[in-house]
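Novice: Kindly generate the corresponding structure for this input.
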Amino acid sequence: MCFDYGQKPLHGDLCPIICSAKTGVESVSCVRSQRAGGARGSKSIFTAKLRAGGGTTVMFKSFNLLGPLDQEILSWAQNEKNVASVPSPVSDPIARDTSLLLNFSNIHFSCILHLQLCFFRQPRLNRSDPLMHDNSYLLIRYYADRDIFPQLVGYCGQFYVTEHLHSALDSEVIDDSSTMESWAKRVHLAVELLQLIELIDQENLLMCQVTPSMFGLTASGKVKIMDLDLTLPKALVNSLTSSGKSCSSDYDCSFYDCKSTCSLEANKCIFPVINTNLQIVCEKIFLGWSMPGRLLVPGLLMSVHTPMSLASLLRQCAHYSHSQEIAAHIATRLSDTLAEIDNTLEQHRTP
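Specialist: Numbers count the residues shown, from 1 in each chain. Below you'll find the model as predicted:
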């Protein structure tokens, strides 16, 4: 990146800071490297300390090559008939400022339509910049005032920099489930996750690939989504699950964790997503998750201290064949139950 910056103009407000011998970065540590050839293309993530920020640890993320799935998302986003299906949270006065508008038909929005209206907060990207193809970057910029994704520090070329988040479901929380202190942490974290899910739902977004590593904690203990790769507008996911492709089972119509059904009459995928963010989190985080080389690891809310009533409620929550009314009722009961348990465990929570 810094070689390119020295050889030719490279867009980015952080380029001169990162590539300076005096300010620069140190203590670089690789978090994840995803090689090209898969459905999601290639990506690398690493942490580093910014000398200019007094040694503040930040996260660097890049998006290098697009995979087949990214191309499918881009194709949907570039179709102008889909504009109306993704409501813009930007107020009318901002929308009327035509100086902020970019040409929709000539730009990749990756799946966040109306993004062009939000560029007043940060330096605008050129339509040729690699990050205009990155769903995670666009989400972070688009919802910068929602406090549900990592805060953006800046960018340089194909790399963008965010605040550093610690894993919310690290070994300190999940390894020892026998103590009351651990149980208190687990319940409180579950309450925080429910609050985050409520905010995500308000934005009509779906988390279609939920894993323990997806969630992170800020220094103040706030839960945010750390891995945004498959957090997408509900309208887009519905278009993928109801694309009309041939199917022989429900699996053929589902999009990762976002489930749909196969039409038995037409043998085609014609239905929208049938599960919710909460149902996915109940199934994959609260009840349990799969780990490489293992069958199933007990989830965040599965311990020796779990009341039978809560365990039953979690199983109901994860069952996505309920009607919307029943699912909403279960969600309310779960929220109330966890809030009550959280209050009773306050004395066991360490600061």
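Novice: mind listing the helices in the chain by residue range?
Specialist: Using DSSP state H, the helices of the chain run over 2-7, 15-18, 68-78, 92-95, 135-142, 171-174, 180-202, 234-241, 277-281, 308-318, 324-344.
Novice: Give the other helices and strands that the fifth one contacts.
Specialist: When you say that, I think you mean helix 135-142. When contacts are defined as 3 or more CB pairs under 8 Å, 6 or more residues apart in numbering; DSSP states H and E, helix 135-142 packs onto strand 56-65, strand 152-156, strand 159-163, strand 231-233. All C-beta spots, glycine's among them, are computed from the backbone N, C-alpha and C.
Novice: Note down every partner strand of the longest one and its orientation.
Specialist: Yep, that's strand 56-65 we're talking about. Here strand 56-65 has these sheet partners by DSSP bridges: strand 42-50 (antiparallel), strand 159-163 (antiparallel).
Novice: Repeat that for the second one.
Specialist: The sheet places strand 152-156 alongside strand 159-163 (antiparallel), with pairing taken from DSSP bridges.
Novice: what residues does the strand it pairs with touch?
Specialist: 1, 12, 14, 18, 50, 58-62, 131, 134, 137, 140, 150-155, 218 (CB atoms under 8 Å, 6 or more residues apart in numbering).
Novice: That one vs helix 135-142, what angle?
Specialist: 50 degrees (axes from the mean of the first three to the mean of the last three CA atoms, to 10 degrees).
Novice: rewinding a little: which one of the helices and strands packed on helix 135-142 has the poorest average confidence?
Specialist: Looking over those, mean pLDDT reaches its minimum on strand 56-65, with a mean of 80.
Novice: And the contacts of that strand?
Specialist: Strand 56-65 has contacts (CB under 8 Å, 6+ apart) with 27, 31, 36, 41-50, 130-131, 133-134, 136-137, 150, 153, 158-165.
Novice: same question, stretch 184-193
Specialist: Counting by CB under 8 Å, 6+ apart, stretch 184-193 makes contact with 168-169, 173-174, 177, 215, 221-223, 281, 285-286, 300-301, 303, 338-339, 341-342, 345-346, 348-350, all of which sit outside it.
Novice: Mind giving me the PyMOL select for the residues you listed, buried ones only?
Specialist: In PyMOL, this line selects whichever of those come out buried by 16 or more other CB atoms under 10 Å:
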select buried, resi 168+169+173+174+177+215+223+281+285+286+300+301+303+338+341+342+345
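Novice: Can you flag which of the contacts of stretch 184-193 belong to strands?
Specialist: F215, V223 (DSSP state E).
Novice: Kindly give a single PyMOL line that selects the buried subset of the contacts of strand 56-65.
Specialist: Selection command for PyMOL covering only the buried members of those, criterion 16+ other CB under 10 Å:
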select buried, resi 41+42+43+44+45+46+48+49+50+130+131+133+134+136+137+150+153+158+159+160+161+162+163+164+165
